[in-house]
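Undergrad: Just to be clear, the model below is a prediction. Sequence and coordinates:
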4 protein chains.
Amino acid sequence: MKTIGVLTGGGDCPGLNAAIRAVVKQAIIYDWEVIGIRNGWKGLIEGDVEPLTHYSVSGILSKGGTILGTSRVNPTKNIEDLQRLRDNIKKYGISGIIACGGEGTLSAALALYRRGIPVVGIPKTIDNDVSCTSKTIGFDTAVTIATDAIDRLHTTAESHHRVIIIEVMGRHVGWIAMAAGIAGGANEILIPEVPFDIEEICENLKQRYDHGKAYSTVVVAEGAIPKEGTGFRMPEQEIDEYGHVKLGGIGYLLKDEIEKRVGVDVRVTILGHIQRGGSPTPFDRILATRMGITAVKLLKDEDYGKMVALRGSKILPVKLEDAVAKLKTVDLDLFDLAKTFFG
Amino acid sequence: MKTIGVLTGGGDCPGLNAAIRAVVKQAIIYDWEVIGIRNGWKGLIEGDVEPLTHYSVSGILSKGGTILGTSRVNPTKNIEDLQRLRDNIKKYGISGIIACGGEGTLSAALALYRRGIPVVGIPKTIDNDVSCTSKTIGFDTAVTIATDAIDRLHTTAESHHRVIIIEVMGRHVGWIAMAAGIAGGANEILIPEVPFDIEEICENLKQRYDHGKAYSTVVVAEGAIPKEGTGFRMPEQEIDEYGHVKLGGIGYLLKDEIEKRVGVDVRVTILGHIQRGGSPTPFDRILATRMGITAVKLLKDEDYGKMVALRGSKILPVKLEDAVAKLKTVDLDLFDLAKTFFG
Amino acid sequence: MKTIGVLTGGGDCPGLNAAIRAVVKQAIIYDWEVIGIRNGWKGLIEGDVEPLTHYSVSGILSKGGTILGTSRVNPTKNIEDLQRLRDNIKKYGISGIIACGGEGTLSAALALYRRGIPVVGIPKTIDNDVSCTSKTIGFDTAVTIATDAIDRLHTTAESHHRVIIIEVMGRHVGWIAMAAGIAGGANEILIPEVPFDIEEICENLKQRYDHGKAYSTVVVAEGAIPKEGTGFRMPEQEIDEYGHVKLGGIGYLLKDEIEKRVGVDVRVTILGHIQRGGSPTPFDRILATRMGITAVKLLKDEDYGKMVALRGSKILPVKLEDAVAKLKTVDLDLFDLAKTFFG
Amino acid sequence: MKTIGVLTGGGDCPGLNAAIRAVVKQAIIYDWEVIGIRNGWKGLIEGDVEPLTHYSVSGILSKGGTILGTSRVNPTKNIEDLQRLRDNIKKYGISGIIACGGEGTLSAALALYRRGIPVVGIPKTIDNDVSCTSKTIGFDTAVTIATDAIDRLHTTAESHHRVIIIEVMGRHVGWIAMAAGIAGGANEILIPEVPFDIEEICENLKQRYDHGKAYSTVVVAEGAIPKEGTGFRMPEQEIDEYGHVKLGGIGYLLKDEIEKRVGVDVRVTILGHIQRGGSPTPFDRILATRMGITAVKLLKDEDYGKMVALRGSKILPVKLEDAVAKLKTVDLDLFDLAKTFFG
């Protein structure tokens, strides 16, 4: 018999509870005990933990958020925290840790693994930017929410002959923008990976009007940036406490520019945190369930330093170091495909 | 046999197509012809019309927006436009007009009625601020969308121990904020009718944290204003072309204030135009259908200058002049009830 | 300080948890204690109870079902049960009981009130058949689910040129069928209150085909019955343990008849228990919240033997004996209105 | 310049319109013309066609069903039909055909290809049973609808302490049952590929009750069959015109058996045609869009006799003969995984 720990770190997203439930259920099959670690790595440093039983995870499969809470604490930032973390692992008899998170949480997992701590990772982030896995937990739900919003905005755009800009999440990658843009039939999609040309965009929008399509939908990832030398003013933006550009910057800038250049009425919607809340889609529930089970199996095999990944239709282990080596950016072939349908 | 006209004015909202469909279907029962007037009063001034048949309204019951388009043109602003409007009524043989809209459109309808034009009104606005009717078309759908958003944000608030502010529509009245706030279990609801006390709000939020509720949800109508003398800085806000405060003002101001005073992490979501898009709820479809039918019956009875209204469970005519005499503000008894549950 | 009990009886429906939450929250404002009675009257007979605190009702506003469980036990069926119920009221110091239920539960509440037990009722049933209130808790959600199903089936009917029959709940009344039928744009609506004429229905369906509408949607309440002498064979149906016709009877009978008479492909969907599950609509959440609060206020005023009711826009007390005197059947004016749009 | 034809055959499903739209948009890029063939192969035999333009496919991306209609006609059943089909291909100058369908439609496509007709296939079926592609268009939406139903039924099961059986589509394969069962947290999943043991199932359900879980959810594919010799009576079932067992057979049989053996209250929901209706999920819209584009590219390359398939994250051509060689049955490793969580 064995005791394992499970934690969720970084931004919350739909499907985390499904993963926690799968970990607990699979551990029970092995007759193991599970320690729930509260608020990411912070809980392991501070000893903020609780036992998780069959009962703890009853009814959480369909619930958004994470019953364990989350934080963005980096456990390797100082040596004292690291020591407290080691002490707690010993104190609670934890023989293996499953860390669900995005790039930050998984990088910390790798750093700990390199320091001898037995850890495996589960990739979750609505941004879908973790390498080596075709999908991360939460992405499908975020795309579904964003597409639903585009569907709604479409009717307003059409009734009012407007350009509607919808700003979705994605500071460094444009996966949500691209997927929701294709699914929602957007006329323009702007992603961080491909600097946009404001003149080209406005030209396309004008052409639509000239062709009698008196409305357009533009999906923009919050981290989209203009091509240099295209006359798009990108003023110094407000930066929040994490060094991130504040939400809503790019959408409103685009609005001003398009109104000036195209001479039409533009409205902006910043989708914001709605994208990461609520009940996960069946796709995310199944993905999270399979990943949770497989993560426990890796602990059984003492196959540490790995992340579970979706490869084709299979859930397979990959090296944590490969997974976090670089952000997984948008497949540009797919983006080109989407672009052929613009306008 | 008779020819009637139908138009939709002001902001678009879910249920307009259901109303248009009902008008056409009821007119067909009377063996009348229906002229669809494009883009509100503008279409009647410019003669931008199309005949509406059984076929035109097939399949539109569940669709958001308006197949007729909309605008905010006031037909009584100058005498030339008014004459063109009269000429077009004559030209197309229109013996009665059904105008679906909010306060602006209905006020114009009243002004035209007073000038001898045979018109009846149907109240639609997501804001629910038209007098003499307990509900307007579009309100139930807007509340449903806003509540769904609060449900989603709730899980994020809980997982991250945050205060989440959600700014909903409502420049002059707080119906959406109040209804969605009650339905979503908000901890604070801020509406234009009742100036808020920032100190009291922050005190309540602090108390929740002290009682172990490490997250809160605040629903704020875009037109909410602070009580005088409570130290809330309300800077000069950006005003858009219609003299409206730009979206997103109050939510971000509140965020800064709460973060400073309570010392917690706050996130803002501006729900925006999503609230007026997409498929109407069954409630709105039924309301719109019943109102559309009754409006045609009023034209049959030559009972002009009226608006159809929901009174108890019945659809009854009321005078347009009573309906637009003043905005219907939030029932403060109901708001007090909601407030008892805050915190 | 006072202790009150709350129970839910009869079929479960969305909004019960919202009502329980409101009862508990309002009682806390009065500094009262609340006893949750499990599984309807059964729990009061058996002493199966639990204290309900602020904590018990946290997060249940948006959840379907009932945290208290439910049953169809009649507490006045025998004198022993009644005595045990009295003993438990005494044992737990219950000075007032709030019973949420439909016709059965409310009739039992009345019977107990007549025997001196201090009780008030809250009307909930997806069937909307309780008198003296314009809506019951759960009805709006059931209509929303049924309408969503009709929307989905519509696309199949259209693609396959079929008649689609959708059988919804409603053994004695046709409220769900009528409302969802109007909202979903059904071509025929069959309700228990108005025996149907199969020849007329088939004639209408044929005419649609003749007019190029190669598909139709028929909404039928499970309790719909044929007009006598119209040649519709209504065989002896299977009766379940409650004396109810088994689900699915009428839908399949109609299918056979329509296929034979119209010569088209017909498909049947029995919506079943989906109609009573899942998250309540905002309308039901607000209605349940207001009713729960008002019920507690009635207990405060020692105004027993009443049921809270929606009258116009207000929640008001009515006599339990009036509420259960007869089933509230469909408003036939409204049904006639719906019928004008058939075909 | 070239003219191509597109048709949809077999049962309708969400995503067909997205595929048609993509075909038309991609063809327009190549400056080709597109002929829409009505009602599957039937339309090509009868010359029932219409030109499809940019305008024809505007706004259909999010709509369920198929604007082209569908049928189950086999074009190779007799030589006269085949000749008429050839004549129409010539008459309309069709140089390549894209056939969207399931096993029947694609088998016909293969048969025609072998007779020299230039055709490529797109796999769509909610059943997900076409070989060589990891997903078919429509499957994700069907699973989403079924999971939503299970979520709803779950609250009823819990409130009433019942066993709820939900019968989903799947005559020969259990993909929907398995996926929705995992996503909905079902306690038992019965699929055609693995004959069920009624004794084992009842034993599991009893154990849940003994362990205090007073409710259970059973998901059963309509084609599920009992293991031989397990005492489950499988009476002669009604067979419909296509040789299929009539819907609703197995669910009700199970209900009787479980009630008898376990002594609990059981309710059945037959999900039926709701599973194939309504707006497609973003997953299906993107899949359909990519497959539609790729199918047109295959016609450009004169690479006939192929089907577009989802392989990993890519859309690739596979041979039609491989795709229809056998039904793709459920991955039994995945099913075993699901089973470990039963109970």
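TA: The structure has been received and is ready for your questions. Numbers count the residues shown, from 1 in each chain, chains lettered A, B, ... in the order given.

Undergrad: what does chain A put close to chain C?
TA: By the rule C-beta under 8 Å from any C-beta of the partner chain, no part of chain A lies against chain C. Every residue, glycine included, has its C-beta placed from N, CA and C.

Undergrad: can you give me the helices in chain A?
TA: For chain A, the helices defined by DSSP state H cover A:16-29, A:41-46, A:79-91, A:103-114, A:139-160, A:175-184, A:198-210, A:249-262, A:282-300, A:320-323, A:332-340.

Undergrad: same question for the fifth one, mean pLDDT?
TA: When you say that, I think you mean helix A:139-160. Across helix A:139-160, pLDDT averages out at 93.

Undergrad: Stretch A:142-150 near chain D at all?
TA: Yes - counting by C-beta under 8 Å from any C-beta, chain D has neighbours in stretch A:142-150: A:143, A:144, A:147.

Undergrad: check contacts around the first one.
TA: Residues in contact with residue A:143, defined by C-beta atoms under 8 Å, 6 or more residues apart in numbering or on different chains, are A:176, A:179, A:180, A:183, D:282, D:283.

Undergrad: winner for burial among the helices of chain A?
TA: Among those, helix A:175-184 has the highest mean neighbour count (mean count of other C-beta atoms under 10 Å in any protein chain shown), at a mean of 29.

Undergrad: That helix versus helix D:282-300: what angle between them?
TA: Taking axes from the mean of the first three to the mean of the last three C-alpha atoms, to 10 degrees, helix A:175-184 and helix D:282-300 form an angle of 70 degrees between their directions.

Undergrad: Up against chain D, what does chain A have?
TA: Residues of chain A lying near chain D by C-beta under 8 Å from any C-beta: A:22, A:25-26, A:29, A:61-62, A:134, A:140, A:143-144, A:147, A:151, A:179-180, A:182-185, A:279, A:281-283, A:285-286, A:289-290, A:293, A:311-313, A:331, A:334, A:337, A:340-341.

Undergrad: and the two most separated of the contacts of residue A:143?
TA: Pairwise distances across the contacts of residue A:143 peak at 13.5 Å for A:176 and D:283 (criterion: C-beta to C-beta).

Undergrad: Show me what residue of the stretch 51-200 of chain A gets nearest to chain D.
TA: Across the stretch 51-200 of chain A, no residue is closer to chain D than residue A:183, which sits at 3.6 Å (C-beta to the nearest C-beta).

Undergrad: pLDDT wise, what is that residue at?
TA: The score at residue A:183 is 96. That number is its pLDDT.

Undergrad: What separation do you get for it and chain C?
TA: 18 Å (C-beta to the nearest C-beta, to the nearest Å).

Undergrad: pLDDT score for the nearest residue to that residue once chain neighbours are set aside?
TA: Nearest non-adjacent residue to residue A:183, counting by C-beta to C-beta, 6 or more residues apart in numbering or on different chains: residue D:282, 3.6 Å away. pLDDT for residue D:282: 98.

Undergrad: Spit out the contact partners of residue D:282.
TA: By C-beta under 8 Å, 6+ apart, the neighbours of residue D:282 are A:140, A:143, A:144, A:147, A:179, A:180, A:183, A:184.

Undergrad: please redo it, this time with the cut-off set to 7 Å
TA: Shown in contact with residue D:282 (C-beta atoms under 7 Å, 6 or more residues apart in numbering or on different chains): A:143, A:144, A:147, A:179, A:180, A:183.

Undergrad: can I get those in TSV with distance to residue D:3?
TA: Output for the contacts of residue D:282, formatted as TSV (distance: C-beta to C-beta, whole Å):
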residue	distance to residue D:3
A:143	35
A:144	37
A:147	33
A:179	32
A:180	34
A:183	29
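
Undergrad: Return the closest of the residues you listed with respect to residue A:255.
TA: residue A:180 (18.9 Å).

Undergrad: if I look at that closest one, how far off is residue B:144?
TA: 21 Å (C-beta to C-beta, to the nearest Å).

Undergrad: same deal with residue A:14?
TA: According to C-beta to C-beta, residue A:14 stands 20 Å off from residue B:144.

Undergrad: Same check on residue A:275?
TA: 19 Å.

Undergrad: same deal with residue A:274?
TA: Residue A:274 sits at a distance of 14 Å from residue B:144 (criterion: C-beta to C-beta).

Undergrad: Same question for residue A:24.
TA: 34 Å.

Undergrad: Per-residue pLDDT of the residue lying closest to residue A:185 once chain neighbours are set aside, please?
TA: Excluding the flanking residues, the one nearest residue A:185 by C-beta to C-beta, 6+ apart is residue D:61, at 4.5 Å. You'll see residue D:61 listed with a pLDDT of 95.

Undergrad: which residues sit in contact with residue D:61?
TA: A:185, D:17, D:18, D:21, D:285.

Undergrad: Against the centre of chain A, work out the most remote residue.
TA: When distances are taken from the C-alpha mean of chain A, residue A:210 lies farthest, 38.2 Å away, according to C-alpha atoms, centre = their mean.
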